[in-house]
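Novice: 3D model of this:
(one chain, ligands or ions: 1)
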Amino acid sequence: MGIPTIIGVIPIERIRAAADRARPYVLRAPMVPVEGALLKLECLQPTGSFKVRGFFAAATALPAERLRRGLITVSAGNAAQACAYTAHRLGVPCRVVMYETAPQLKIAGVKRWGAIPVLMPRDRLLAWLANEEWKKEPETFIHPFADEEVRAGHGGLGLELLEDVPDLGRVVIAVGGGGLVGGVAAALKASKADVEVIGVQSDGYPLWKRAFESGGPVSVSPETIADGTTAPFDPRMFEVLKRSVDRWLIVPEPRLKAAIPELATTAKVVAEGAGALAYAALEQLPPGPSTVAVVSGGNIDPALLASLLA
Ligand SMILES: Cc1ncc(COP(=O)(O)O)c(C=O)c1O
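Specialist: Numbers count the residues shown, from 1 in each chain. Now for the predicted structure:
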């Protein structure tokens, strides 16, 4: 599909270089303990999710002429905001193609950084992506999870975990398109191959578990509050995820809904649906080695948060 290097394993030097480029713009997110695990608070990143790691890494790798043309991406919301923020900080224009059902908060987050949201129905958006229609656009397209520099940038999170948790045994990560888990797994497995990488999805969108069970493409209609994890099946990511994820956990939607107020009251952490998935999955793991659950985002619609807290 036009990006030939994507299936390759990302070398650790490339991850280090990507993390170095992104470092001036991203937070070394702190960790807080909960029972049986540490939470890595990527919800505290600029724009409220880990996505800035990958977008800064990818944008700063572009030749000056391609960066000057501006950036365009496609997103359920968090990549959109990260792309908008990246473009703003680097002084270039930006447009983002989003589901028309994207939460208002995420659409407002895009506009806040001066970018233009282009809203499409889910089917139209998936066709835009599948037909590579971005090639007709003037801006430079950054794929939100398949782009190798994006994944290398996300790998910076893995490097931080290796430094901060010397006896790291398990990392639990929400999976949508697979960019986050792919990048983190590449960083971890290059340095500490015995760390178990656990991928999590909701039972309202168990795309990858079904894809691996059936051995190929599947299509699922999302019925989940974890809107950040509703990316479609992508054959390139099938290969990446096969190598990256050692174990899959599926969180029932009611458990996910309970995890959000639990995180707020016990850990003082505000997580969106996708951001709470890894934490919500912890109860399925037997006690074991040092475990980190990544709270990948905090951009929850305030009305949804209020209703879950009520
Ligand atoms: C909060 C949050 N968590 C997890 C993910 C999944 O990331 P990826 O698509 O790289 O698997 C996303 C993607 O948008 C997200 O917004």
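Novice: neighbours around residue 295, how many?
Specialist: Number of residues near residue 295 (other CB atoms under 10 Å) recorded here: 29. For the C-beta atoms, the positions are set from N, CA and C on the backbone; glycine is no exception.
Novice: Surely it and residue 39 touch.
Specialist: Yes. If you go by CB atoms under 8 Å, residue 295 and residue 39 touch, sitting 5.1 Å apart.
Novice: any common contacting residues for these two?
Specialist: Contact criterion CB atoms under 8 Å, 6 or more residues apart in numbering; residues shared by residue 295 and residue 39: 263, 269, 279.
Novice: Scan those residues and report the most crowded one.
Specialist: Most surrounded of the shared contacts of residue 295 and residue 39: other CB under 10 Å gives residue 279, at 27 neighbours.
Novice: and it, helix, strand or coil?
Specialist: Here residue 279 is helix, with the state taken from DSSP: H, G, I helix; E, B strand; the rest coil.
Novice: ok, and does the longest helix along the chain reach over to the ligand?
Specialist: Scanning the chain for the helix with the most residues, using DSSP state H, yields helix 148-164. No. Against the ligand, helix 148-164 shows no contacts by CB under 6 Å from any ligand atom, the least distance being 6.8 Å.
Novice: need the next SSE after that helix, C-terminal direction.
Specialist: Downstream of helix 148-164, the next assigned helix or strand under DSSP states H and E is strand 168-174.
Novice: What angle do helix 148-164 and that next one make with each other?
Specialist: Comparing the axes of strand 168-174 and helix 148-164 via axes from the mean of the first three to the mean of the last three CA atoms, to 10 degrees yields an angle of 140 degrees.
Novice: follow-up on the earlier one: now the shared contacts of residue 295 and residue 39 in CSV, with distance to the ligand?
Specialist: Putting the shared contacts of residue 295 and residue 39 into CSV (distance: CB to the nearest ligand atom, whole Å) gives the following:
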residue, distance to the ligand
263, 13
269, 13
279, 12
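Novice: Out of those residues, the closest to residue 84 would be?
Specialist: The nearest member of those to residue 84, counting by CB to CB, is residue 269 at 24.1 Å.
Novice: Quick check: that closest one is in a helix.
Specialist: No. Secondary structure of residue 269 (three-state DSSP): coil, not part of a helix.
Novice: element containing the most centrally placed residue in the chain?
Specialist: Geometric centre of the chain, nearest residue: residue 180, 4.7 Å, by CA atoms, centre = their mean. Element membership for residue 180 (DSSP H and E) is helix 179-191.
Novice: Would you tell me what the next helix or strand after that helix is?
Specialist: Taking DSSP H and E, what comes next after helix 179-191 is strand 196-202.
Novice: Pull the residues that contact that following strand.
Specialist: Contacts for strand 196-202 (CB under 8 Å, 6+ apart): 169-175, 178, 181, 184-185, 188-189, 207-209, 224-226, 229, 241, 244-253, 256, 273, 277-278, 280-281, 285, 289.
Novice: And that strand, how far out from the chain middle?
Specialist: Remark: strand 196-202 is offset 12 Å from the chain centroid, using CA atoms, centre = their mean, to the nearest Å.
Novice: at contact distance from the ligand, anything in it?
Specialist: No. Using CB under 6 Å from any ligand atom, we find that strand 196-202 stays clear of the ligand, coming within 8.5 Å at best.
Novice: other SSEs contacting the helix or strand following that strand?
Specialist: Using DSSP H and E, the helix or strand that follows strand 196-202 in sequence is helix 207-214. Judged by 3 or more CB pairs under 8 Å, 6 or more residues apart in numbering; DSSP states H and E, helix 207-214 is in contact with strand 196-202, helix 235-244, strand 247-251.
Novice: so does helix 207-214 get close to the ligand?
Specialist: No. Using CB under 6 Å from any ligand atom, helix 207-214 never reaches the ligand; the gap is at least 9.2 Å.
Novice: can you give me the angle that helix makes with strand 196-202?
Specialist: Using the same axes, to 10 degrees: helix 207-214 against strand 196-202 is 110 degrees.
Novice: sorry, back to before: want to throw the shared contacts of residue 295 and residue 39 into CSV with pLDDT?
Specialist: Compiled in CSV, these are given as follows (pLDDT from 0 to 100):
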residue, pLDDT
263, 98
269, 98
279, 98
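Novice: Residues in contact with stretch 207-222: which ones?
Specialist: Outside stretch 207-222, the residues that touch it by CB under 8 Å, 6+ apart are 175, 178, 199, 201, 204-206, 230-233, 235, 238, 241-242, 245, 248, 250.
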